[in-house]
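J.: Build me a model from this:
(2 chains)
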Number of protein chains: 2
Amino acid sequence: MESRHYIRFLFFFVGIATLLAITWNNLPYAPPDATEDFDCTTYSSWCTSKNRFQSKPLKEPAKSTSHHHDHASDTPHHPLDPLTVKEINRVRTILTSHELFKNSFPYAFHSITLQEPKKSLVLNWNKGDSLLPRKASVVARVQNISYVLAVDLTTEEVTVHETDSSSGYPAMTIEDMTSSTWAPLADEEFNRTILERGVDLKDLACLPISLGWYGEKEENRRLIKVQCYSMKDTANFYMRPIEGLTILLDMDTKEVLEITDKGKNIPIPKAVNTDYRYSAQGLHQRMKLINPISLEQPEGPSFVIEDEHLVKWANWEFHLKPDPRAGAIVSQARVRDPDSGEIRNVMYKGFTSELFVPYMDPTDAWYFKTYMDAGEYGFGLQAMPLDPLNDCPRNAHYMDGVFPAADGTPYVRSNMICIFESYAGDIGWRHAESPITGMGIKEVRPKVTLVVGLSGILMVKGTAYENMNQISNQAENLFGTLLSENVIGVIHDHFITFYLDMDIDGSDNSFVKVNIKRQETSPGESPRRSYLKADRNVAKTEKDAQIKLKLYDPAEFHVINPTKKTRVGNPVGYKVVPGGTAASLLDREDPPQKRGAFTNNQIWVTPYNESEQWAGGLFVYQSKGEDTLAVWSDRDRSIENKDIVLWYTLGFHHIPCQEDFPIMPTVSSSFDLKPVNFFESNPILRIPPNVEKDLPVCKAAASA
Amino acid sequence: MESRHYIRFLFFFVGIATLLAITWNNLPYAPPDATEDFDCTTYSSWCTSKNRFQSKPLKEPAKSTSHHHDHASDTPHHPLDPLTVKEINRVRTILTSHELFKNSFPYAFHSITLQEPKKSLVLNWNKGDSLLPRKASVVARVQNISYVLAVDLTTEEVTVHETDSSSGYPAMTIEDMTSSTWAPLADEEFNRTILERGVDLKDLACLPISLGWYGEKEENRRLIKVQCYSMKDTANFYMRPIEGLTILLDMDTKEVLEITDKGKNIPIPKAVNTDYRYSAQGLHQRMKLINPISLEQPEGPSFVIEDEHLVKWANWEFHLKPDPRAGAIVSQARVRDPDSGEIRNVMYKGFTSELFVPYMDPTDAWYFKTYMDAGEYGFGLQAMPLDPLNDCPRNAHYMDGVFPAADGTPYVRSNMICIFESYAGDIGWRHAESPITGMGIKEVRPKVTLVVGLSGILMVKGTAYENMNQISNQAENLFGTLLSENVIGVIHDHFITFYLDMDIDGSDNSFVKVNIKRQETSPGESPRRSYLKADRNVAKTEKDAQIKLKLYDPAEFHVINPTKKTRVGNPVGYKVVPGGTAASLLDREDPPQKRGAFTNNQIWVTPYNESEQWAGGLFVYQSKGEDTLAVWSDRDRSIENKDIVLWYTLGFHHIPCQEDFPIMPTVSSSFDLKPVNFFESNPILRIPPNVEKDLPVCKAAASA
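T.: Model prediction:
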């Protein structure tokens, strides 16, 4: 829950990198903060709802190229452009007059997003064509029943699908999360318990925690668990848990169903050394070790963003939009072939489908912490405005998100995504020739990447222990590492599952396992006894493409277009190069693993299906796992020379260490998509080298 | 053989990265090029020896902060400083008057390097102390016998060890490599063969290729194989192999022992599209896609280099020197603890011990290509001068190497290593707070790393095939990928083995496997069925530390100081975080794998032993593998709470693709060394955020 993930679609080696850096600060709860008052007051009712804790305004308002953009007048230009402020308002108007909502109360909109036109229509659409009909896909709860609705913005037609609530609930709204943190304070017993633990109510901070699903007890109503912390004497209340105290709430009635306190004997960790703010560090403690360093592009960035969402960089272009659930969605990634000059399709759609983070502590206050951030909380809803110069470098461009509040009114999530070019001093390719050839040759090319970034802290456990020497049998008792006096960092896993609808030179593709096998030579054949051979195996059906990575039975994984070949006859393709390869080791029958069954393999391939985009299912909250990627894939449909979707899960185990306290450094992990016989030859062969005369002239900032 | 490797000792998260980027352009032959005439004429005899191919001078001489440094007057300041020009000359003077060399001829010096003082003496030495006695370690061949000599520069005492030649030979000298490429031309049959293949002798380029060891036929004399290419109409002769032609040479007598030509039916691939030089690209073909981008530090870099070799950056310091075999050696890496202010030891010595690259083609002209670059050719000897602005960014500092020629005269390898700070726009840590706490907090820290860089091309195979459709059964015939008409990229592996003498707060350390295991819960214990548990297992002996990485039986690998604990009682340590995890799949009894047995495990731990530094053995050339890390480790010595050395092997498989033609983009792979309970808390908590006023003011270059 505390790391910043680098999710990289390496479209070609020099690398156009689409990088989603997601901080779900473990607050799984992140309403737009003080910097967004402007946006809120303009478009949103709920933003103004008083927070029970008085809110100090942010010192420095975020700087952003798009921050002052008035989204009130936005209009869509591309079939995939997200719903605008006007369109969301229109949907709200249409629906509030619809009898489902008109006569009934309470209701809440859990999501209002663009219903993307059929893929075939989008693929045939060209700039200048009239925009395809705009439709909204709406998830709403009315009198505790979940509905999926389609709203045609032109005809005002509304299609309603009631859904079976046994298959889970939609992601929480911000209002769900906010109100859940207040609800316990209406309960006398809760307040008494807090005081008994020595915490003043004004120092209290509580978090809404999704509780997964563990059986009947958790069925047929929307539940949530709340745990609390002391904010006394630190900005970093996460390090001061009121351990063992768990409140079970009905999210709809806000009724406190159960209060368990198994931590009476566990002291609240001290505040000392927990604050991470620079302003809170003693002047003598501050470490000014590094001179200013900056990525500079005096001629400006090399990319342009047309019509708000179409990113064009180098010989690449793709559509980019914020999404409340996925965080960001990349669509129609295409590259202009350096040889033929034609625009070639690579990927129709790519995004983060789900994040599964099971904590490894089976005790009462921890066993249920098995987050699915996209489906339970929403990456986009949790995204905080990016901090220019720090979250993203100086040369970054920022993109805002427009989301609906629970009552359907739109609000702006500013600086939600940033796009920038990155250069770390690495090289794209090089060759230096020796005198033997009679040529004094030294050719080197710099490596520049385009990055798209979207905007932790460790959730710790209180303990009575202050030193390891108090513990006879460590492993049995801790479920993690003693990070500081009375503070334990609990072991957990991270699994990020990506949806990658590859369209290599067209929609119909095949998935090929290129297995690397040892081949023994026959006697007398060679002085060598063995060598490695590459066997190409085309996956016929989904089960052929359920891949568990193996170090000692290695393979490459290609998505190819079997009907298109290079000049010398290789099928054109891209390969997925796995990054973090940790696999889930939980019991397959463990409830969290059933819900997170999409992590049972690192790679899956499914036939394209509009309704199969969320690896954990459309409704993940409290789901039992009946609607996951694992279930779809077991249908074993044919995937050869079809429109296919590649699913890749990046994973790592995290055993916390003291360096993660009181706030942990970023951990990054990534995977690559690389062309494999997609181009006739090195696609960056013809880019120029760096030469002094092109580089900027810089001086220290005036103030320095 | 064609990739640039990123070898990263991540000393802490913000990362001081020591990055060796080794290009052994597959020419395993790289004398200092034209830019170094100055250096050569000054110090070296062999540089001036005429190359049989007339050498055009380089257009742009390399720019370097140290290029014009006159090394003639260098003096050592630190016990680990490399031998200076004066010292190498002194060694030569002492030895040439020594009777072993005085009366006998021929002889050659294969290496003259500093014999490092005993570790204990170096650890006790402090700046200001008188320098420890300077000694040289010399490897020489006299009348075809290998000797290891120690030369005391003060007493002039010379100690001689004759060595058993059956255990392999020293690395080739540059003279060996150069002369071997001429020798065949003295052979009538060779010249006739070349002409028969349609190649004019003036267009001929030949490469000296180490032949490994495959039995008696290759014992008791120094052999080498030579293969040739046509330079006609391209700078990139590597793409024009005279396939199947192999010359077996005696490296000492230069006698041609055997000429085999199994490629008479294989045409030499065409020159078209093979040239990679920017100047050779058609004006309309050049791809100027990116605006200038640069890493700028108007106040200069944050590191200083004292006395030529002592690098000080942030709160880190380490000794850095070029080495003819390892390329670069990092010593005495230490960090100032942000809490206690004390300087703490992390690593005594780290370097690239060997690179093993077996090609996967058992046929006559390819089976023997199983390079060991460090021990056969020498990373340092092959290093080409780095190209400022391209190999390393503008803010880089360059370091020269001083090596001896075969006759013992020193010469300068300029711009051999670069050091620079890198910032890619990434973040070190971040936390954004939500209104719930009543605090508008957004704290982010930039991620800056220090990088040390040291300065390919694909070795391709000719084939009669021009298109895959001519091949009935691909896998059986190709041993790789058809990259272009008549050109095959042969499958191969890369294994880089690192020597890491960790000294965590002192020399006596232990190696701990932290195994991550599934734990099933007992009935009624918890709604969870399972969770993951970390089991700590201290390795008692070497065999306990022979590690094969396993994805489904994962572990962390810590080097700890068992006698030093943190405030809360965790042992202080560092962990190795594996990067490229490919393992060798060759038959353990395959001759190349016996020689490369140090790749049988990804991790090994041995007790510190001065004589065990080169994973493939001291004398790798034509070795049989009797003196590898695998053999030492099988002694199963005790390693608990001892001065231990961690060996890590980074590996990857490479199936070439058309994007690798005619020159392949860099592929990078790295591993990290990260603190684990080494610091009491996040060591970069107190670094400041980026603020606008600190950043430089830049404008486009005047000429732009």
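J.: All the strands of the stretch 451-600 of chain A, residue numbers only.
T.: Taking DSSP state E, counting those that start in this stretch, the strands of the stretch 451-600 of chain A run over residues A:460-462, A:480-484, A:487-490, A:492-502, A:508-520, A:530-538, A:555-565, A:571-577.
J.: Wondering if the second one reaches chain B at all.
T.: Think strand A:480-484. Yes: applying C-beta under 8 Å from any C-beta of the partner chain, one finds strand A:480-484 in contact with chain B at A:481-484. (Glycine included, C-beta is placed from N, CA and C.)
J.: Kindly provide the distance from the residue of chain A positioned farthest from its centre to chain B.
T.: Distance from the C-alpha centroid of chain A peaks at A:Gly524, with 55.4 Å (C-alpha atoms, centre = their mean). As judged by C-beta to the nearest C-beta, to the nearest Å, A:Gly524 and chain B stand 11 Å apart.
J.: list the contacts for the residue in the stretch 101-250 of chain A that chain B sits nearest to?
T.: Ranked by C-beta to the nearest C-beta, the top residue of the stretch 101-250 of chain A for proximity to chain B is A:Tyr214, at 4.0 Å. By C-beta atoms under 8 Å, 6 or more residues apart in numbering or on different chains, the residues touching A:Tyr214 are A:367-368, A:591, B:527.
J.: Among those, find me the one that's closest to B:Ser120.
T.: A:Tyr367 (52.2 Å; C-beta to C-beta).
J.: hey, where'd the helices end up in the stretch 551-700 of chain A?
T.: Applying DSSP state H, counting those that start in this stretch to the stretch 551-700 of chain A gives helices spanning A:591-595, A:629-633.
J.: what's the closest of those helices to A:Trp604?
T.: Closest among these, using C-beta to C-beta: helix A:629-633, at 5.1 Å.
J.: For the closest one, name the packing helices and strands.
T.: Secondary-structure packing of helix A:629-633 (3 or more C-beta pairs under 8 Å, 6 or more residues apart in numbering or on different chains; DSSP states H and E): strand A:603-607.
J.: got the buried residues for the strand it packs on?
T.: Within strand A:603-607, the residues scored as buried using 16 or more other C-beta atoms under 10 Å in any protein chain shown are A:603-607.
J.: With pLDDT and distance to chain B added, can I get the residues you listed in CSV?
T.: Output for the buried residues of strand A:603-607, formatted as CSV (pLDDT from 0 to 100; distance: C-beta to the nearest C-beta, whole Å):
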residue, pLDDT, distance to chain B
A:Ile603, 98, 13
A:Trp604, 98, 17
A:Val605, 98, 20
A:Thr606, 98, 23
A:Pro607, 98, 26
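J.: Just put the residues you listed in TSV and tack on distance to B:Tyr229.
T.: Output for the buried residues of strand A:603-607, formatted as TSV (distance: C-beta to C-beta, whole Å):
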residue	distance to B:Tyr229
A:Ile603	40
A:Trp604	45
A:Val605	42
A:Thr606	48
A:Pro607	48
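J.: if I pick A:Leu389, what's in contact with it?
T.: By C-beta under 8 Å, 6+ apart, the contact set of A:Leu389 is B:446, B:689-692, B:695.
J.: 10 Å instead?
T.: Neighbouring residues of A:Leu389 by C-beta atoms under 10 Å, 6 or more residues apart in numbering or on different chains: A:63, A:294, A:396, B:425, B:444, B:446, B:689-692, B:694-695.
J.: Please report phi then psi for the nearest residue to A:Thr173 once chain neighbours are set aside.
T.: Using C-beta to C-beta, 6 or more residues apart in numbering or on different chains and skipping the chain neighbours, the partner closest in space to A:Thr173 is A:Ala406 (4.2 Å). Main-chain torsions, A:Ala406, degrees, to the nearest 10: phi -60, psi -20.
J.: A:Ala406 contacts A:Glu175, correct?
T.: Yes: in this structure, A:Ala406 is within contact of A:Glu175 by C-beta atoms under 10 Å, at 4.4 Å.
J.: out of those two, which sits in the busier spot?
T.: Taking other C-beta atoms under 10 Å in any protein chain shown, A:Ala406 and A:Glu175 do not tie; A:Ala406 has more neighbours (22 against 15).
J.: Tell me who's in contact with that one.
T.: Going by C-beta under 10 Å, 6+ apart, the list of residues near A:Ala406 reads A:44-46, A:106-110, A:140-141, A:172-176, A:178-179.
J.: same check, this time on A:Thr581
T.: A:549-551, A:602, A:649-652, A:669, A:671, B:549, B:551, B:554, B:581.
J.: Could you do A:Val160 as well?
T.: By C-beta under 10 Å, 6+ apart, the residues touching A:Val160 are A:98-100, A:138, A:140, A:142, A:147-151.
J.: Please, which helix or strand holds it?
T.: strand A:158-162 (DSSP states H and E).
J.: average pLDDT across stretch A:199-214?
T.: For stretch A:199-214, the mean per-residue pLDDT is 95.
J.: Show me which positions of it end up buried.
T.: For stretch A:199-214, by 16+ other C-beta under 10 Å, it's A:199, A:203-214.
J.: try stretch A:276-286
T.: Applying 16+ other C-beta under 10 Å to stretch A:276-286 flags A:276-277, A:281 as buried.
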